[in-house]
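Colleague: coordinates only, sequence not included:
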């Protein structure tokens, strides 16, 4: 490992011995699925722009 990695491991080791923890950043994404909205718009066909790009 490089010097930076060794130094980071030493710091982490010191924190672990002191009983300190780190909070890792997280993100929660909620996706709302409104079935009634999708049923009225879904024709079963791809949009023309998508169909044209496949030709």
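Modeller: Nice, I can see it. No experiment lies behind these values; they were computed from the predicted model shown. Residues are numbered from 1 along each chain as shown.

Colleague: Do you have the helices of the protein handy? List them.
Modeller: Taking DSSP state H to define them, one finds helices in the chain at 3-17, 35-41, 48-54.

Colleague: Ranked by average pLDDT, which of those helices falls at the bottom?
Modeller: When the helices of the chain are compared by mean pLDDT, helix 35-41 comes last with a mean of 56.

Colleague: what's the spacing between residue 11 and residue 30?
Modeller: 36 Å (CB to CB, to the nearest Å). C-beta coordinates here come from the backbone N, C-alpha and C atoms, glycine included.

Colleague: my bad, should have said residue 22
Modeller: Distance of residue 22 to residue 30, computed by CB to CB: 26 Å.

Colleague: same question, residue 19
Modeller: Noted for residue 19: a distance of 34 Å to residue 30, by CB to CB.

Colleague: Burial check on residue 5, number of neighbours?
Modeller: Residue 5: 9 surrounding residues under other CB atoms under 10 Å.

Colleague: For residue 31, grab the count of nearby residues.
Modeller: Number of residues near residue 31 (other CB under 10 Å) recorded here: 4.
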